[in-house]
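Colleague: here is a sequence together with a model predicted from it:
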Amino acid sequence: MTAVWNGTASLAETIACIQAQTFTDWEYIIVDDASTDGTPALVEEAMQKDSRIRLLRRTTSEGPYIAANDGLREAKGKWVVRIDADDLSPSNRIERQRDFLLANPHYRACVSYWQGFNYRGLFPNSITPIPRTPGVFRWYLMLRTPSIHSALCVERSAMEEIGGYGKARLSQDYRLWCELSRRGWLGTIPEVLSYVRNHPDRASYTTRGIQQELALDVLSDHIVAMTGERWSRVELEALWCVGHCKVMPVDKGLKMLDRWDRMWRKASDLTAEDRAELERLSAYRRWKHIRTNARKNPAEAILQILRFGLTRPSAIIPSAQSSY
């Protein structure tokens with residue numbers, strides 16, 4: 001088993017959560033992406049106390065995914081468990097993910113639900129569930145990226161077949177979810193096995209604009225792979241915005257969801273359960289879109305609520321604490 005990490009924030013806590021795992025036959029490869037802080041010294045101190053920890057030091061910084069590829073090339077375990085330096089995992093995470101993949105050999109990777117936290121503790125009502133099947137997952141990825149990198153466990157050989165991570169500095173975890181789900185390799189464990197630290201230095205905050213642009217590139221490739229359609233940048237942005245609850249005209253967002261519905265309804269490889277789940281997700285995204293825009297466009301929002309009879313039935317959401 002191999003755990004791969006890159007980053008610096010709260011590293012001591014992250015190392016400690018790996019050392020506390022109930023599954024103990026692991027190597028922990030920590031990739032230092034040419035940091036200028038005390039990361040190397042902290043890791044070297046941990047290595048002196050635990051021989052399972054290894055440090056790879058880069059002389060130039062090329063971003064988290066180039067660093068992750070370095071770690072993958074050095075990994076010896078059958079499975080790779082990903083964790084970022086500022087995130088945490090419960091003590092049963094590795095054991096639970098390994099057991100899941102052993103019990104479901106048709107999957108070669110798995111992710112779990114996750115929950116946000118900060119220095120005050122866990123965020124209430126912030127458990128983020130993930131689509132249960134690759135069929136639902138790959139279509140839902142056209143709207144948003146529900147998974148988090150620190151929830152991933154994947155066969156090292158699967159990563160080799162895919163060619164590792166893309167070289168862009170951002171959004172390559174999104175590309176990975178698309179690739180794994182399209183191949184039918186990605187399973188979901190409906191438990192919280194990852195805790196994601198919220199702080200102002202996260203890349204999702206500091207590089208939001210660049211991240212979205214790169215994500216749109218991934219989205220474009222994903223739609224082409226799934227449907228053969230090539231969307232304009234304006235269309236991609238509209239679909240992304242409605243999936244991420246951005247402010248936009250109500251009717252425009254609903255038309256994008258209509259288009260998304262038409263695409264997945266044409267798919268021949270979805271089960272009845274997949275279709276039922278996608279119908280629920282479609283209804284929920286419509287409700288979220290209308291609610292997001294209700295203040296700016298109250299008349300249009302009320303009209304659409306009356307038109308569709310939209311409410312927030314609990315059946316749409318997996319649990320009362322989810323943010324699906």
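Modeller: Arrived safely.

Colleague: list the contacts for Ile223?
Modeller: With contact set as Cβ atoms under 8 Å, 6 or more residues apart in numbering, Ile223 has these partners: 142, 229-231, 236. The C-beta positions use only the backbone N, C-alpha and C, and glycine is treated the same way.

Colleague: where does it land in three-state SS?
Modeller: Put simply, Ile223 is helix when judged by DSSP: H, G, I helix; E, B strand; the rest coil.

Colleague: buried members of the contacts of Ile223 into ChimeraX, please.
Modeller: Listed next is the ChimeraX selection for buried residues among the contacts of Ile223, using 16 or more other Cβ atoms under 10 Å:
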select :142,231,236
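
Colleague: how about the contacts of Ile223, which pair is most distant?
Modeller: Within these, Met142 and Arg230 form the most distant pair, 13.9 Å apart (Cβ to Cβ).

Colleague: mind putting the contacts of Ile223 into TSV with distance to Trp114?
Modeller: As requested, the contacts of Ile223 are exported to TSV (distance: Cβ to Cβ, whole Å):
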residue	distance to Trp114
Met142	21
Glu229	31
Arg230	33
Trp231	29
Leu236	26
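
Colleague: from the contacts of Ile223, which is closest to Phe123?
Modeller: Nearest to Phe123 among the contacts of Ile223, with distances taken as Cβ to Cβ, is Met142, at 26.5 Å.

Colleague: right, and that closest one touches Arg262 too?
Modeller: No: applying Cβ atoms under 8 Å as the test, Met142 and Arg262 come out as separate, 12.0 Å apart.

Colleague: am I right that Glu273 is in contact with Glu279?
Modeller: No: Glu273 is not in contact with Glu279 according to Cβ under 8 Å; the separation is 10.8 Å.

Colleague: and Gly77, how many neighbours?
Modeller: Counted with other Cβ atoms under 10 Å, residues neighbouring Gly77 total 17.

Colleague: secondary structure element for Ile290?
Modeller: Using DSSP states H and E, Ile290 falls within helix 272-293.

Colleague: report the buried residues of that helix.
Modeller: Neighbour-count burial for helix 272-293 [16+ other Cβ under 10 Å]: 274, 277-278, 280-290, 292-293.

Colleague: what residues are up against Ala225?
Modeller: Ala225 touches 178, 182, counting by Cβ under 8 Å, 6+ apart.
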